[in-house]
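Asks: Prediction below, plus the sequence it came from.
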Amino acid sequence: MGRRKKPKSRAEKKLPVVDKRPLYYINRPFGPNGLYGGMPADRGLVIRLRGAINDEKLVRIEYILPLLPGTETSECGKCGNEFKDMQCRDAHVKKRHTPARIRVRNIEDLSPQERQRMLSETLQYETEPPGFVGDGFLDQEERAEERMLEQIAPLNLEHTAASRK
């Protein structure tokens with residue numbers, strides 16, 4: 001009788017390795033430029049925990065939440081990242097893949113190149129959009145975003161070390 005061959009290992013068979021770690025999603029962004037595992041931590045981004053020191057804390061206070069099995073995700077057409085829903089994906093696209101608009105208080109504050117670019121891109125330019133109050137305009141936008149996040153993705157701060165004291 002012939003000799004039995006040793007079964008090939010997974011690597012030798014060139015089978016894809018299935019990552020069985022559970023999926024999570026970013027419930028609250030980690031600040032305007034926060035990262036998780038080197039990726040921008042935009043709201044709704046589907047991730048696998050990387051075993052970082054703060055993972056347990058992030059889950060406990062609900063910065064990161066488990067993605068329910070069977071949840072249909074939505075892929076970004078630009079970078080390929082998965083998001084928990086189309087609304088989060090669309091917000092990501094707007095934030096990460098849409099060119100930023102120039103915000104200035106006065107057109108004379110622009111360099112000649114910036115002024116030419118801005119004027120060529122628009123027929124009418126409003127130097128003081130509604131709600132504009134000096135240097136506080138961006139702060140107003142950040143506060144509005146924070147209020148919206150408090151409503152749709154509140155943190156669970158009862159599970160922090162400070163709340164147990």
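Replies: That came in fine, so what should we check first?
Asks: isn't residue 85 right up against residue 44?
Replies: Yes. Using CB atoms under 8 Å, residue 85 makes contact with residue 44 at a distance of 6.3 Å. For glycine as for every other residue, the C-beta is placed from the backbone atoms N, C-alpha and C.
Asks: Which of those two has more residues huddled nearby?
Replies: Neighbour tally, residue 85 and residue 44, criterion other CB atoms under 10 Å: the higher count belongs to residue 44, 24 against 13.
Asks: what's the more buried one in contact with, if anything?
Replies: 25, 26, 83, 84, 85, 87, 88, 89, 91, 92 (CB atoms under 8 Å, 6 or more residues apart in numbering).
Asks: redo that, cut-off 10 Å
Replies: Listed by CB atoms under 10 Å, 6 or more residues apart in numbering, the contact partners of residue 44 are 25-27, 29, 67, 73-74, 81-92, 153.
Asks: Just read off the phi/psi values of it.
Replies: Main-chain torsions, residue 44, degrees, to the nearest 10: phi 90, psi -10.
Asks: residues contacting the spatially closest residue to residue 55 that is not a sequence neighbour?
Replies: In space, and not counting its chain neighbours, residue 55 is closest to residue 49: 4.8 Å by CB to CB, 6 or more residues apart in numbering. Contacts for residue 49 (CB under 10 Å, 6+ apart) come out as 21, 22, 23, 24, 36, 37, 55, 56, 58, 59, 64, 66.
Asks: Nearest to residue 109 among those?
Replies: Closest approach to residue 109 among the contacts of residue 49 (CB to CB): residue 36, at 36.0 Å.
Asks: Can you tell me the SS state at the nearest residue to that closest one once chain neighbours are set aside?
Replies: The shortest distance from residue 36 to any residue other than its chain neighbours is 6.2 Å, reached at residue 47 (CB to CB, 6+ apart). With DSSP: H, G, I helix; E, B strand; the rest coil as the basis, residue 47 sits in strand.
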